[in-house]
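Novice: here's a sequence, model it:
(2 chains, ligands or ions: 2)
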Amino acid sequence: MSFIELDHVLKRYDTKITVNHLSLTIEKGEVFGLLGPNGAGKSTTIHMLTGLLPYDQGDIRIGGLSVKKSTLDIKRQIGLVPQELAIYETLTARENVTFFGRLYGLSGKLLRERVDEALDFVGLRDRAGDKPASYSGGMKRRLNIACAIMHHPELIIMDEPTVGIDPQSRNHILESIKKLNEMGSTVIYTSHYMEEVEAISTRVGIMDHGQLIACGTKEELLDQIGRDETLFMATQDMKERALEELQQHAHIRSVQFRENQLELLLRPSDTVLQDILFILSSHEVKITSFQRVEPNLETLFLSLTGRSLRD
Amino acid sequence: MKNIWHVMRNELLQITRMRSVLLILFIMPLLLIFVLGSALSSQFKAEDYVPAPAKLAVFNEDSGQMKAPLQQFFANDQVREILQVTEVQSEEEMNERIELNEVDGGLVIPASFSKHIMSGASSEWTYYGGSNTSANDTIKILLQKFTDQATQTQAAVMVLGPQAAAVSAPVDRTSQVVQGTLQDNLYNASAMEYYAGSMLIMFLLFSGMSAAIGLQKERENKTLQRIMVAPVTVAQALLGKLLGVAVLSMIQCSVIIIFTWVVYGVNWGEHLGAIAIICLCTIVAAISLAAILAVLFKSSKAVESVYSSLVTIMTFLSGGMIVFVGDQMQTVGQFTLNYWAAGAILRFMLNVDTSTAWNNLYVLIGIAVALMAGAMLISRRVVTLHE
Ligand SMILES: Nc1ncnc2c1ncn2[C@@H]1O[C@H](COP(=O)(O)OP(=O)(O)OP(=O)(O)O)[C@@H](O)[C@H]1O
Ligand SMILES: [Mg+2]
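Specialist: Ligands and ions are numbered 1, 2, ... in the order given. This is a model prediction of the structure:
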């Protein structure tokens, strides 16, 4: 039995199906990245996980309990960082965290300790007495996180926690996700920034139009598109012979040449780059610029849907 | 239970952070009561109520059995304090006097009046009003009282036969009639008391608005969502928030009552317990109404404007801003919360006609319970509908 099991979950708004027979399992201790373009159904999935939104078909189980039946028991184990800021502007940071802490049954000394801990964790301890109105966007986002972790939840769900913030706050947040995971929480994390998801997830699920179109570790996913790299070169004095020799190389899968631009699709190997340089220099072809593109989830999404992840 | 308490405390904490809201809650009502009370006190004949009597010209063609009781009625001491009757010899003379403003109105009693009444048929007299509306109203109310008595007599006639007429002569109860008329119109209230009562109700109704806005804001802020993600039920969250507003309103209520009592000398009377129940019912009704509106309208702006228009219109229709004596306004007023709440409060304050006051209160309780049930029924949608 996995920690989280989604079993053919379906959600409709009126007649529009926004989550379509989604099946997924997540183990304890994972950082699961849910990747998908706008409107893919990530937030909808998360709202169903937290019991905020009822689902129409299938079932969701967390720790063996159905979300439909034992909502309150499950809610106690979850901390949700919602996509949109959900904090009281009129209350100080400390009052915000304290209020939500009380709703999770914390009180007295333990509550005070946990509130301090959470504020420390997101780096807002020294601004704890200020109202969020005086905060930067990144600080508000961090407070948004603090409000979801002071009860040490087993499962932390973050819905695009890094949207629209400065790089410094962003790194801070990514670091804290890693730390929370090390401290024992399972983390589910949505984004449409594939670099982020690649960097911190143990496994990645890719959603599009309400469906899970790929799921696995980064390596497993990249294997799906064969790990080919693309090499772009701007050249001068290109020779026919040189192109023929490149085409014959065992690790070069395709060669395209147009207006001095050379584009090679490579199967990575230890020697292929050296071979290419050797062939070109032996024919006295000059190289004026050079760009190598590694395979990534972006290219995977492109190859799966024919669209890019962000518009 | 604890969750309700936490949510309620949070609500109060938030409200106390909003200076403008506190200003509206506490300073505004006290100012309004003062301004309305002193500016419009001339409309009232306050404690030392000595009305200039209304003048009525009567052209009486009837010489039947009703003539004597009617004359007796007009001659009654208490009636004469309010109504001066002049007999005239023709309709022309009556009209002339009305036109010259010598009298406030004229009454024509047809020759068949007594005969009709004594035989149990309906009686018809005609009243011609002048330009002074408040005098018109006074005259009409008095004439109505007489006709009511006459109708009772009629009923007695129909059941017991003509001899019953003598037994239940209308004039016997004249003094009671006059007393009742005065009380019905609450003329005994001073301007301050009248406005303290109706403004109290109006501002309690506005407390529903702060509940609705609070709920909407919380929904728009997504903090309501966050509360719902925590192990809290929908009922706990809603109840907590609404209780927060209710507690604040009860505090507001006490401040208004104590302040107006001490500073403006408004006498809130002996029925403070009943007044507290009225306030509570009004708050419950207002908050429930607000919760219902919060489901029907999506943005807090819409709820705010719909609700405040509703309260203002209700307060106006029920006479909370300008006193109406006219019958039509009274009828329309009955469809407002204020009518029942303010009516009951004023009667309890003045300690008059408390049986009507209790009846008003029962109606009010009914309205509050019905609205609360309605709100409960659709409350789930407050959280899930526009998420
Ligand atoms: N309350 C609602 N009523 C109707 N349709 C909705 C509602 N909420 C979401 N949707 C639709 O469901 C689909 C999925 O939305 P969702 O918010 O889950 O996407 P997302 O993957 O989180 O996108 P984003 O990256 O923009 O946050 C969208 O097409 C959206 O229009
Ligand atoms: Mg989303």
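Novice: so which bits of the helix or strand harbouring residue B:196 are buried?
Specialist: Using DSSP states H and E, residue B:196 sits within helix B:191-220. For helix B:191-220, the neighbour count (16 or more other Cβ atoms under 10 Å in any protein chain shown) marks B:191-219 as buried. For the C-beta atoms, the positions are set from N, CA and C on the backbone; glycine is no exception.
Novice: cool, and stretch B:131-146?
Specialist: Within stretch B:131-146, the residues that count as buried by 16+ other Cβ under 10 Å are B:132, B:135-143, B:145-146.
Novice: where do the domain boundaries of chain A fall?
Specialist: Listed domain ranges for chain A are A:2-223, A:227-294 (source: the TED database).
Novice: any idea which of these is most buried?
Specialist: domain A:2-223 (a mean of 19; mean count of other Cβ atoms under 10 Å in any protein chain shown).
Novice: give me the residue at the spatial middle of the chain.
Specialist: Reading this off chain A. Chain A has residue A:197 as the residue nearest its centroid, 3.1 Å off, counting by Cα atoms, centre = their mean.
Novice: my bad, chain B
Specialist: Note: chain B centre (Cα atoms, centre = their mean) maps to residue B:339, 3.3 Å.
Novice: measure the residue in the stretch 101-250 of chain B positioned nearest to ligand 1 to residue B:30 for me?
Specialist: For the stretch 101-250 of chain B, the residue positioned closest to ligand 1 under Cβ to the nearest ligand atom is residue B:225, at a distance of 11.7 Å. Per Cβ to Cβ, to the nearest Å, residue B:225 is found 38 Å from residue B:30.
Novice: same question for residue B:318.
Specialist: Residue B:318 sits 21 Å away from residue B:30, going by Cβ to Cβ.
Novice: more crowded one of the two?
Specialist: Between residue B:318 and residue B:30, residue B:318 has the larger neighbour count (other Cβ atoms under 10 Å in any protein chain shown), namely 26 against 18.
Novice: related to what we said a few turns ago, lowest-confidence member of the buried residues of stretch B:131-146, which is it?
Specialist: Least confident of the buried residues of stretch B:131-146 in the model: residue B:145, at 72.
Novice: okay, and for the stretch 151-300 of chain A, where does confidence drop off?
Specialist: For the stretch 151-300 of chain A, the stretches with pLDDT under 70 are A:225-227.
Novice: 80 instead?
Specialist: Within the stretch 151-300 of chain A, the ranges that satisfy pLDDT under 80 run A:164-165, A:194, A:222-229, A:253-254, A:265, A:268, A:270, A:293-300.
Novice: closest residue of it to chain B?
Specialist: Nearest to chain B in the stretch 151-300 of chain A, going by Cβ to the nearest Cβ, is residue A:151, at a distance of 8.7 Å.
Novice: for the nearest residue to residue A:96 once chain neighbours are set aside, report the pLDDT, please.
Specialist: Leaving aside its sequence neighbours, residue A:96 sits nearest to residue A:87 (Cβ to Cβ, 6 or more residues apart in numbering or on different chains; 5.2 Å). Residue A:87 carries a pLDDT value of 94.
Novice: helix, strand or coil: sort out residue A:87 for me.
Specialist: Following DSSP: H, G, I helix; E, B strand; the rest coil, residue A:87 is assigned to coil.
Novice: returning to that earlier point: what packs against the helix holding residue B:196?
Specialist: helix B:2-17, helix B:28-39, helix B:223-229, helix B:234-263, helix B:272-296, helix B:300-317, helix B:337-350, helix B:354-384 (3 or more Cβ pairs under 8 Å, 6 or more residues apart in numbering or on different chains; DSSP states H and E).
Novice: please verify my assumption that residue B:342 contacts residue B:196.
Specialist: No: assessed by Cβ atoms under 8 Å, residue B:342 is found out of contact with residue B:196, at 10.3 Å.
Novice: confirm residue A:234 sits in a strand?
Specialist: Yes: assigned with three-state DSSP, residue A:234 falls within a strand.
Novice: any idea how far ligand 2 is from it?
Specialist: From residue A:234 across to ligand 2, the span is 40 Å (Cβ to the ion, to the nearest Å).
Novice: check residue B:143 too.
Specialist: 72 Å.
Novice: quick one: secondary structure of the closest residue in space to that residue that isn't next to it in sequence?
Specialist: Of all residues not flanking residue B:143 in the chain, residue B:127 sits nearest, at 6.5 Å (Cβ to Cβ, 6+ apart). Secondary structure for residue B:127, judged by three-state DSSP, is strand.
Novice: give me the number of residues near residue B:127?
Specialist: Residue B:127 has 14 nearby residues by other Cβ under 10 Å.
Novice: pretty sure it sits against residue B:141.
Specialist: No: counting by Cβ under 8 Å, residue B:141 is not a contact partner of residue B:127; they are 11.4 Å apart.
Novice: phi and psi next, for the residue in the stretch 201-311 of chain A that ligand 2 sits nearest to.
Specialist: Ranked by Cβ to the ion, the top residue of the stretch 201-311 of chain A for proximity to ligand 2 is residue A:207, at 10.4 Å. Residue A:207 adopts backbone torsions of phi -110, psi 140, taken as degrees, to the nearest 10.
Novice: how about it, nearest residue that isn't a chain neighbour?
Specialist: Leaving out its chain neighbours, the residue that sits closest to residue A:207 by Cβ to Cβ, 6+ apart is residue A:36, at 3.6 Å.
Novice: then residue B:32?
Specialist: With sequence-adjacent residues excluded and distances taken as Cβ to Cβ, 6+ apart, residue B:32 is closest to residue B:199, at 5.4 Å.
Novice: mind checking pLDDT for that neighbour?
Specialist: 78.
Novice: residues contacting residue 25?
Specialist: Using chain A here. Residues counted as contacts of residue A:25 (Cβ atoms under 8 Å, 6 or more residues apart in numbering or on different chains) are A:2, A:4-6.
Novice: other chain: chain B
Specialist: Counting by Cβ under 8 Å, 6+ apart, residue B:25 touches B:203, B:207, B:210, B:248, B:252.
Novice: quick revisit: let me know which of the helices and strands packed on helix B:191-220 is the nearest to residue A:284.
Specialist: helix B:223-229 (66.7 Å; Cβ to Cβ).
Novice: just the buried residues of stretch B:302-309, please?
Specialist: B:303-304, B:306-307.
Novice: neighbouring contacts of it?
Specialist: If you take Cβ under 8 Å, 6+ apart as the criterion, stretch B:302-309 is touched by B:206, B:208-209, B:212-213, B:216, B:289-290, B:293-294, B:297.
Novice: burial of whichever residue of the stretch 201-350 of chain B sits closest to ligand 2, as a residue count?
Specialist: With Cβ to the ion, the shortest gap between the stretch 201-350 of chain B and ligand 2 falls at residue B:222, namely 12.2 Å. Using other Cβ under 10 Å, residue B:222 has 17 other residues around it.
Novice: just give the nearest non-adjacent residue to it, would you?
Specialist: residue A:86 (3.9 Å).
Novice: let me see the backbone angles for the one you found.
Specialist: Dihedral pair for residue A:86: phi -130, psi 70, per degrees, to the nearest 10.
Novice: the residue of the stretch 201-350 of chain B closest to ligand 2 reaches residue A:81, doesn't it?
Specialist: No: using Cβ under 8 Å, residue B:222 and residue A:81 do not qualify as a contacting pair, with a distance of 11.3 Å.
Novice: where does pLDDT dip in the stretch 201-350 of chain B?
Specialist: Along the stretch 201-350 of chain B, segments meeting pLDDT under 80 span B:206-210, B:212-213, B:216, B:263-266, B:294-295, B:297-301, B:303, B:314-336, B:350.
Novice: near ligand 2, which residues of it are found?
Specialist: Not one residue of the stretch 201-350 of chain B sits near ligand 2, judged by Cβ under 5 Å from the ion.
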